Structure formats: structure tokens, C-alpha cells
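A.B. asks: Show me the folded form of this:
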Amino acid sequence: MRRSYWLLLALALVLAPLPLACGRRESSLERELQGIARERLAQPTSGPPRSFEMGFGAIPPALTDASYLDTFRSIGRDADLVLIQRTPPWSEFVPSGKISAATRTNTDGEVRIIHALDLNLLYAIDPTDAADRGRLAQLPFELQGRTFADPAIREAFIAYAQYVAENYHPRYLALGVEVNLGSERNPDDYQSWLSCYREAYAAVKRVSPSTLVFPTFQWEGLQGLLPGQTRGPIRWELVDAYRPEIDAIAISTFPSLAFHGAAEIPADYYAPLARYQGDLPIIFAAVGYATGVAPQGSPSEGEQAQQRVLELILDSADTLAARAVVWFTYQDPTYTRTPPFDVFQTIGLWRADGAPKPAWNGWRAAFRRPYRPDIGPQTPTATPVASSTPTAAASASPSTTPTPAATPTPTPPR
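C.D. replies: Here you go, the predicted model:
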């Protein structure tokens, strides 16, 4: 059920005709977006400096071009950074494949929009199924059942990583998403994945040496807190396996997948990162907390819990002198209603009806702080989060972050 839902979503998006013709002249859209960037950069700052960029995932509230473009507008007003998370178009990058006109046009459109908004980019290449990180996602018929041990799969992944580096020149590039879960789901293929990662890392560095390259790790999963896992010591050996070809320790973290409420989350929940990071920066690559009906509570209590979790993450980012914090989606999506991904239906900082949630004020206040990437760890403001022993939430929650396979791309500037 989990897999079929996302494949049907992907199919609907791939088959939908999109008006993607573009030209090279500066457009009225680009001028509009440049105006949004100027307004953002002209706003006065207040409060102590922050070391971390703040961003959102480019996840639209509706599956339309217009909604996707509006999401970029919103991000451009209240963020430094945008996350694009995407599965490789495998058939285009295998040795016998050809990059489609649609892929090239979409790339051009996104690059120009991101540039006009003066945003930095975290591009996450997500090759695995969000419902089963041990299985490759969206493989075409002729590649079904193959793994990273297959030369065509390896070459396609490496070629796509190089394409992204050459064309997007992202500040941050994640090669693999929540890779620790893949080691559990398909340990036989994991060594093949690791060697493929190292080759892709080298290929990226050849064309974009300044890009920070890393995989992302699922923080709850590293601790054995997800449903179906057994809690144990943090599995740092899964992170060590990527050294020295890793430029940052990047995590996704969705505490609502592991805890019944914010009161259960220990105040030092992210502190182990400081004891382990060494000279590597910390990146909160995808974070969020669902505000649906809280256990034995109401939606308003869920929104208050989200506010507390955001405070905890921002305080932890200060303490860790993190490089970036990315909230997974700006506004609640309307198309994630099918279990188990319905938990992500209320993960945004804005409701689906366009109203801000209480946590939005905390985001805005943090974003107005001056950005100074060279500062060290900061003393956070007090965050009232419990120090109790965590209890894994017993639910049919997805084990990982969903990746819509082909998020609509807005019409590029004309």
C-alpha cells in the first residue's frame, strides 16, 4: 500500500503535461522574484547572530505548477535556503540513455528561479523508496529488481550526481537520503551502495569542488526509535563508513514518528551530535513535527507541540553551530492523506487553509537574526522540553521521509 501510493502519485505527475517552454531573456517573473529577494535582504535584523542558514523543502501544498511556484515565492520571503529532494530519472542516465528535453528545461527553470530569489540550494538525490529504504525507487520496467551492484544503476546514479553538480552548483548536495535505514532494509546491497557513493562523491568534486557533499542519516532511526526498531546505542559506525568522503553530518529528524508528544522528547535529544561531529559541520537537512490531533489531545495541542519542537531544534542548532536548518515543508500538503504518509499532512508551519501556525512566529524571529556563518556555538534560549526517557510512538507511521517522485516544476521564466 505504501509503495503503490507513491508510485501512483509519481505516475500522475510524470504523465501530466506541463507548459515548460522557456527563453533566455530576463522575464517579468524573474524581476518579480528579484523584488522578493530585495525585500527579504532589506529587512532589519534583530537578536543574537545565528550560524545556520534557514530553509524549507520545495514541497507545494497542491500538485500544480502554480502551487510549486508560489512555494518558491514563500520560501524566498522567509528563508536563505531551499531543499529540492528528487529521485534520479534512471532511464535518462543509464549508459544508453538520453537526457530528456523536459529534464533540461526543468533544470533551467529551477536554476533561474533560485538565482532570482538569491537562495542557496540543498539538492538531495534520493534513490530509494521512502516506504522501504532497501529498495530503489521509480525504476523503469527494464531496470526493475536491480540494485547498486548493477553497473547500469551505478553509472546512472553517478552520472545524475554529476549532472546536478554541473547544472545546479548547489551549496549542499546529499547523495542518498536516510541511508542508515537502507543498511537495515537491504544489508546485502549496502556495500555496493557505499562504493557507488564514493565514486559519485569524487565525480561531484571534479566539477563542483566547493559543494559540500554528504549522505543524510535518519536521526530517530540511528537511535532505534522508529516503530519496529529496538532502541540501542547510536549507530555511529554507519556514519563512520562514509569517512573521509563526507563533508558534513546531515540528519533528517521527525520526532512525531517516534514520540507520543513533545513532552517526551529529551532536552538533550540532539546533544550527541556535538560529542561526535569532530571538525564536520552539522546540517539539519529535513526536520518537522506533525500537528495533527495529539494523543489524548486536540489539534491546537499538536500545534503547541510543534512550536516546542521547533524551539528545541533551533536551540540545538545554536549549540552545535550548525550550518543549516531545513523545515521539510512550508505549508501543509493536501495530497498526503493516505496512511501511513498522512502524518506528513500537518507537518508544515502554515495550515492548508493559508493560516500560520503558532510555530511560525518562532521561525520568523529566528530568521530575523543576523546570519554569520563564522561564529561558534551560541547559548540557546531556554526551551521547556522534558528530559524523560523516550517512548517509540506505536503507530503505522512511515519509516522515512516521503519523496514525491516528480514534484511539479513551475513554468520557467520566459
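
A.B. asks: Name the spans of this protein whose pLDDT lies under the cut-off.
C.D. replies: Across the chain, the stretches falling below the confidence threshold (pLDDT under 70) are 1-26, 293-300, 339-340, 381-414.

A.B. asks: can you pull the contacts of the residue nearest to the spatial centre of it?
C.D. replies: The residue at the geometric middle of the chain, judged as the C-alpha nearest the mean C-alpha position with CA atoms, centre = their mean, is Ala286 (4.0 Å). When the contact criterion is CB atoms under 8 Å, 6 or more residues apart in numbering, the partners of Ala286 are 57, 83, 85, 124, 216, 252-254, 326, 328, 401. C-betas here are computed from N, CA, C, even on glycine.

A.B. asks: I'd like those as TSV, with neighbour count appended.
C.D. replies: Written out in TSV, the entries for these read as follows (neighbours: other CB atoms under 10 Å):
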residue	neighbour count
Gly57	27
Leu83	25
Gln85	26
Ala124	28
Thr216	26
Ser252	25
Thr253	25
Phe254	25
Val326	27
Phe328	24
Thr401	27
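
A.B. asks: quick revisit: how about the residue nearest to the centre of the chain, phi and psi?
C.D. replies: Note on Ala286: its backbone torsions stand at phi -160, psi 120 [degrees, to the nearest 10].

A.B. asks: Show me what it is bridged to.
C.D. replies: Residues in a beta bridge with Ala286, per DSSP bridges, are Ser252.

A.B. asks: where's it relative to Thr230, distance?
C.D. replies: In this structure, Ala286 lies at 24 Å from Thr230, with CB to CB, to the nearest Å as the measure.

A.B. asks: Can you show me the helices along the stretch 1-150 of the chain?
C.D. replies: Assigned by DSSP state H, counting those that start in this stretch, the helices in the stretch 1-150 of the chain fall at 2-15, 28-42, 65-78, 90-93, 101-116.

A.B. asks: closest one to Tyr270 among the ones you listed?
C.D. replies: Distances from Tyr270 to each of the helices of the stretch 1-150 of the chain were compared by CB to CB, and the smallest falls on helix 65-78, at 23.1 Å.

A.B. asks: Next, the angle helix 28-42 makes with the closest one.
C.D. replies: Taking axes from the mean of the first three to the mean of the last three CA atoms, to 10 degrees, one finds helix 65-78 and helix 28-42 inclined to each other by 30 degrees.

A.B. asks: For helix 65-78, buried residues please.
C.D. replies: Neighbour counts using 16 or more other CB atoms under 10 Å place 65, 67-72, 74-76, 78 of helix 65-78 among the buried residues.

A.B. asks: can you give me the end-to-end distance of stretch 256-272?
C.D. replies: Between the start and the finish of stretch 256-272 there is a gap of 19 Å, counting by CA to CA, to the nearest Å.

A.B. asks: so which of the helices of the stretch 1-150 of the chain gets nearest Glu301?
C.D. replies: If you check each of the helices of the stretch 1-150 of the chain against Glu301 by CB to CB, helix 65-78 wins as the nearest, at 25.2 Å.
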